[in-house]
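Engineer: I would like the atomic coordinates for the input below:
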Amino acid sequence: KATKATKATKATKATKATKATKATKATKATKATKATKATKATSYEEYLGKTFDVNSGELNTAEAEKEIIEKKEKINILLMGQSGVGKSTLINAFFRVDMAKSGVGAPVTQRLKKFYFKEKGLIFWDTKGIEAVDYQETFNDLKVELNEAKKEAVKQNSIDSLPHVAWLCIKETSGRIESREFELVKLVHDEFNIPVVVVFTQTQYEDGEKFVAEAKKLFDKNGCKKAINDRYTRVNSVDYSINGHKIPKSGLDDLQSMTEQATEGKKGAKTALKKAQTHNSKLRLEAMISSSQNKVHLAAAAAGTAGASPIPGSDAPIIAAIQSTMIYTINSEFEINSEISNISSVITGILGVTAIAQIGKTVVSNLLKFIPGAGTLIGGAISATTAIAITEAVGRAYIKVLENYYDIDQAKVVLPKDTEAILRMFKNIFVRP
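Structural biologist: Okay, the predicted model is just below:
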C-alpha cells in the first residue's frame with residue numbers, strides 16, 4: 001500500500017509538473033500573440049515588398065537580405081579630435097571594428113571620411129586634421145556636409161542621415177583644450193542639434209583629475225554647457241602595464257551610458273548602439289534578443305494579414321516567404337548573415353518542422369521557390385490566427401537557438417559548421433502552437 005501511495009504521489013507530481021509546463025508554454029504563447037496584436041499590422045505586401053512574386057511563389061533571397069540590411073536600425077556617430085588622440089583605438093575597443101583596416105571608408109573631402117559597417121548598423125563620420133594648420137578647412141567641409149545631410153533628413157523624413165551623436169576625443173595627457181574644440185561643439189549642436197559627449201582618452205586616473213575638472217569649466221564658460229550636458233567620460237581603451245602593474249581598460253561602460261543618454265528619443269539609434277557595441281557582451285545579447293522579438297511580432301502580424309486575405313491560390317507560400325524573411329532578419333539582428341553557408345537548407349529545414357512544411361518546396365540557385373498550389377496539401381487557406389501563431393513560434397524558437405550559440409566571451413554567435421546541428425536544436429526547442 002505504501003509503495004502504491006508513493007507511486008500515486010509521484011504520478012500526481014509528474015502530472016502537475018506537466019500541466020505547469022504546458023501552462024507556462026501557453027502563457028508565453030498568449031503573451032507573444034498579444035504582442036503581435038498590439039503591433040501595428042503591416043500587410044504581407046508591405047512586409048515582403050518586391051522580394052516576393054505572388055504569381056510564381058518565388059522569394060528573391062538576395063534582394064530580401066539587401067532590404068533587411070538597408071532597413072536595419074543605425075547609429076551614426078561623428079568623431080572629432082586631433083590626430084593621435086586614439087579615435088581608432090577607441091572605436092576598436094567599443095565596437096570591435098578596425099577603421100584603419102576596414103577599407104570601407106568613403107572619402108567625402110580630403111578632411112572628412114565616412115565609414116560604413118552596414119551589417120552592424122554603424123556609420124562613422126571621421127574628421128581629419130582639426131590641428132591648427134587644417135582646422136578652418138575641416139570646419140568648413142564639415143559644415144557643408146552636415147547641411148547636405150540635414151536636407152536629406154528633411155527629404156527622407158528621417159534623422160538617420162545626420163549623426164545622432166558626436167564624440168569629441170581629447171587626449172588627457174595633452175593637458176590643454178583648444179578654442180577650435182569649443183567652436184566644433186557649438187557648430188554641431190547649435191546648428192544641427194547633435195548632442196556631444198566629450199571623451200578624455202588615455203586617462204591618467206588621479207593624475208588627470210585636475211585637468212578634466214578645468215576642462216569642464218572651460219567648456220561651460222565658452223558656451224558648450226547645453227551641448228555637452230555634463231556628458232564627460234574618461235576612457236582607457238586598451239590594457240597596458242607600468243612597471244609590472246597591469247592597467248585594465250576602463251570607462252567604456254560610462255561612454256555607453258552617456259551615448260545612450262545623448263540618443264534618448266532616438267529609439268532606433270539607441271537600439272543600434274546596444275546591438276553594435278561589443279564591450280558589454282550581456283547587454284549586446286539582450287538587445288539582439290529584444291530587437292529580434294520585435295521583428296518576429298512584425299512578421300507574425302504580416303502573416304496574419306496573409307491568412308485573413310482572399311489571396312488567389314494558396315496563401316501558404318506567402319506565409320512561408322514571410323517566415324523565411326523573418327529568419328533572414330533575425331540573422332541580421334545577430335550579425336550572422338555570412339556565417340551560414342547554406343542558409344536555404346536551414347530555412348527549409350526549419351519550415352519543415354512546422355505545418356507550413358506540408359506545402360512542399362525546392363531550392364533553386366538563390367531563389368527559394370514554393371510549389372504553386374501546394375497549399376492544398378494542408379487544406380488550402382490558413383487562418384489568420386494560425387498564421388500568427390506558427391510565425392511567432394518559429395521566430396521564438398529560432399531566437400532561442402541563436403541565443404544558445406552566443407559566446408559571451410567573444411560577444412557573438414558561434415555556429416557549428418554542420419547545419420543539421422542547428423536544425424536539431426530548433427526541433428528540440430520549437431513548440432507547435
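Engineer: where does the stretch 201-350 of the chain dip in pLDDT?
Structural biologist: Counting by pLDDT under 70, the stretch 201-350 of the chain shows low-confidence ranges at 307-314, 338-341.
Engineer: can you do 90?
Structural biologist: 203-208, 238-249, 265-267, 304-320, 336-350 (pLDDT under 90).
Engineer: now the stretch 1-150 of the chain
Structural biologist: Using pLDDT under 90, the stretch 1-150 of the chain drops low at 1-45, 53-59, 61-62, 82-84, 98-114, 127-141, 149.
Engineer: quick one: the strands in it?
Structural biologist: Applying DSSP state E, counting those that start in this stretch to the stretch 1-150 of the chain gives strands spanning 52-53, 58-60, 75-80, 105-109, 112-117, 122-127.
Engineer: Could I get those strands in TSV, plus columns for distance to residue 90?
Structural biologist: In short, each C-beta sits where N, CA and C put it, glycine included. Shown next, in TSV, are the strands of the stretch 1-150 of the chain (distance: least, Cβ to Cβ, whole Å):
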stretch	distance to residue 90
strand 52-53	42
strand 58-60	39
strand 75-80	8
strand 105-109	16
strand 112-117	13
strand 122-127	11
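Engineer: Ok, which of those strands comes nearest residue 253?
Structural biologist: strand 75-80 (16.7 Å; Cβ to Cβ).
Engineer: The closest one pairs with which strands, and in what direction?
Structural biologist: Strand 75-80 has the following strand partners under DSSP bridges: strand 122-127 (parallel), strand 165-171 (parallel).
Engineer: could you dump the ones you listed to TSV with distance to residue 217 and mean neighbour count?
Structural biologist: Shown next, in TSV, are the strands paired with strand 75-80 (distance: least, Cβ to Cβ, whole Å; neighbours: other Cβ atoms under 10 Å):
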stretch	distance to residue 217	mean neighbour count
strand 122-127	25	22
strand 165-171	14	24
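Engineer: Figure out which of the strands of the stretch 1-150 of the chain is closest to residue 268.
Structural biologist: Of all the strands of the stretch 1-150 of the chain, strand 75-80 comes closest under Cβ to Cβ, at 8.4 Å.
Engineer: Skipping its backbone neighbours, what lies nearest residue 324 in space?
Structural biologist: residue 347 (5.0 Å; Cβ to Cβ, 6 or more residues apart in numbering).
Engineer: Off-centre distance for the helix or strand harbouring the one you found?
Structural biologist: Per DSSP states H and E, residue 347 falls inside helix 343-351. How far helix 343-351 lies from its chain's middle: 23 Å, per Cα atoms, centre = their mean, to the nearest Å.
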